[in-house]
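Peer 1: need the 3D shape of this:
(chains A and B)
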Amino acid sequence: MSQKEDNSEKALILGIQNGDNESLKKVYKANFPSIMHFILSNNGSEQEAKDIYQDAMIVFYEKLQDKDFRLNCQIKTFLYSISRRLWLKRLAEKNKYVSQIDDFEAFLPLDRFEISLEEHDHKFEIMRQALEKLGDPCKTVLKDFYIEKKSMQEIAQEMGYTNPENAKNQKYKCLQRLKKLFFQHYKETNS
Amino acid sequence: MDSEDKISLIEQYIQGELSGQVLFDFEIQLQLNADLRNEVEEYRQLLTDFAGYHQRQSLKDSFALFHEEMDQEQNLTVLKPSYNKSKSLLIRILPAFAVAATVALIAAITAIFTLGNVRSLEEQQSNYYLELKKDLIEVKKAQNSLVQQNQKKTEVKPVKQYGATAFVISSNGYLVTNYHVVKKADSIYIEGYPEAPMRLKVEVVYNDVLKDLSILKITDTSFIGFAELPYTLRQGEAELGEQVYTLAYPRMDMVYGEGSISAKSGYRGSLMDTTLYQISIPVNPGNSGGPLMDERGYLVGIVAGKDTSKDGATFAVKTHYLKTLVDNLANTQNTDPIILSNQNKIQYLSRPEQIKLLKKFVFMVKVYDGK
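Peer 2: The predicted structure follows:
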């Protein structure tokens, strides 16, 4: 890797860590073709390539949010390695064993990374179900407050509560219900 | 402490918003009260997963957008969606169309024209070529008499029309074709592939007579720009035996041809020939100006002509000379710069997929010579 490439990779990583959408887009667009080629050459479809690639991008993004994480290879290699592992796993699940995998890029044995993806997948699926059961307006109130970081004043106005105090009370009740639903599911699936 | 206050305290503790005496008191309570500890852990997990879930959702939304954008970039959006515009364009060129429809000998004329001019570039060459030229002149005479017969029948004033191929080298509207194609032009148009019919006026901005290359620029006001080019010029020469292919308009539809590099020079080793490759792709008149691509989708040449006395001896100008031409142009003119793409986005694709992307950038050139 030349010095110039090295610097531009660093700039991209820094951009993604700081929430810059353009950097993320650049990485996304630049690396898809080689992953698609890999999956198409190994018994997969374009849609499967897209799914696998997006999962790999999620691992990449979530890893970058981790302050202790240091990427010690090229972005391309990281994404290829993760996608490769995810695809082999998917093939095994489909009972489609491939005697030989055709590779087109260098890759590293990054086996512990996709585990975090699955762990999260499990938790987030439970969250999704819990939120679905929770329904509106609770879903929106919680999202507005915790994710969009809106004030109680704004939430009261948007949701049509008479005053901020009322909205705060709603938020509290919603959180209680979500907690109950979430851990109920959590225990069910883990028992 | 009622439970709403307790939860707000837990929340503040998790977010790290407690300080001083309140924090101290809360930590003591945590040590004493196992239930509270448990509850704090539950809330911590709930809020982390809640945030993580939403982060991932918005990430997925972004990816879907990126992907859509990527798919769209691969589709051409050249013309403004203005119906009137294209209509007036049609009216403007209608007489030419009418003539084109009545004179049924276009293909034959094209054959002589393109090959004839490849010849004239090589006039000082061996006997072999002189002989060939003679043959061509004879054929031309025969064709001319046919044209005259046809004229008598239809009583139409002849406007000569020649067809060939050109392809995009810069998204801001530059194309390349052969010099012999546009040499005698009154007006030149490019036409798109059948799925997205369009017709744009172009002008010659630069000729290289010796290398037989011309650069065209789209002058039509309805033109905005091409999508980003998916292919790039290959650095270095192609090797003997490499698989290559070309796309062109020898007729009203795009035709694919494949073969390999049979020699790194044209015209059997005579002096001027190292600017050309000899390739084993069977071509027809109209193939002139077509891009020659290698297996990974790099541009290696521009199809220019063929040797009619032999089978499968087609010639293509090496891309190196196109690069030189573009560099020269950048130094002499200060109009819209030609920006050659430096990214090959099709190298991992299968051949049909490559062609699907490529063909949006390959056009039929129609040259009208009304003099």
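
Peer 1: what residues does chain A have near chain B?
Peer 2: Selection of chain A residues close to chain B by C-beta under 8 Å from any C-beta of the partner chain yields A:21, A:24-25, A:28-29, A:32-34, A:36-37, A:40, A:50, A:54, A:57-58, A:61-62, A:104, A:120, A:123-124, A:126-128, A:131, A:142-143, A:146-147, A:169, A:172, A:175-176, A:178-179, A:182-183. In short, each C-beta sits where N, CA and C put it, glycine included.

Peer 1: now the helices for chain A?
Peer 2: Along chain A, the stretches classed as helices by DSSP state H are A:3-17, A:21-41, A:46-65, A:75-93, A:113-134, A:138-142, A:152-159, A:164-190.

Peer 1: now for the closest residue to chain B within chain A, how many residues are close by?
Peer 2: Residue nearest to chain B within chain A: A:His37 (3.4 Å; C-beta to the nearest C-beta). The tally of other residues near A:His37 (other C-beta atoms under 10 Å in any protein chain shown) stands at 19.

Peer 1: will you turn the helices of chain A into a markdown table that also has mean pLDDT?
Peer 2: Output for those, formatted as a markdown table (pLDDT from 0 to 100):
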| stretch | mean pLDDT |
| --- | --- |
| helix A:3-17 | 80 |
| helix A:21-41 | 89 |
| helix A:46-65 | 90 |
| helix A:75-93 | 86 |
| helix A:113-134 | 79 |
| helix A:138-142 | 85 |
| helix A:152-159 | 81 |
| helix A:164-190 | 82 |
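
Peer 1: avg pLDDT for stretch B:177-189?
Peer 2: Regarding stretch B:177-189, the rounded mean pLDDT is 87.

Peer 1: helix, strand, or coil at the residue in chain B that chain A sits nearest to?
Peer 2: Among the residues of chain B, B:Tyr348 lies nearest to chain A; the distance is 3.4 Å by C-beta to the nearest C-beta. Here B:Tyr348 is recorded as coil under DSSP: H, G, I helix; E, B strand; the rest coil.

Peer 1: so where's chain B uncertain?
Peer 2: By pLDDT under 70, the weakly predicted segments of chain B are B:1-2, B:74-159, B:193-197, B:267-273, B:312, B:333-335, B:370-371.

Peer 1: get me the contact residues on it for chain A.
Peer 2: Proximity of chain B to chain A (C-beta under 8 Å from any C-beta) is limited to residues B:4, B:7-8, B:42-43, B:46-47, B:49-54, B:56, B:59-60, B:62-63, B:66-67, B:69-70, B:345, B:347-350.

Peer 1: of those residues, just the buried ones, PyMOL syntax please.
Peer 2: To isolate the buried members of these in PyMOL, using 16 or more other C-beta atoms under 10 Å in any protein chain shown:
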select buried, chain B and resi 7+43+46+47+49+50+52+53+54+56+59+62+63+66+67+345+347+348+349
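
Peer 1: just to revisit the earlier point, which phi and psi does the nearest residue to the residue of chain A closest to chain B once chain neighbours are set aside have?
Peer 2: Nearest residue to A:His37, sequence neighbours excluded (C-beta to C-beta, 6 or more residues apart in numbering or on different chains): B:Tyr348, at 3.4 Å. When read as degrees, to the nearest 10, the backbone of B:Tyr348 gives phi -100, psi 0.

Peer 1: and residue 20, how many neighbours?
Peer 2: No chain specified, so I'll use chain A. A:Asp20 has 14 nearby residues by other C-beta under 10 Å.

Peer 1: actually it's chain B I care about, not the one you picked
Peer 2: B:Gly20, neighbours per other C-beta under 10 Å, totals 7.
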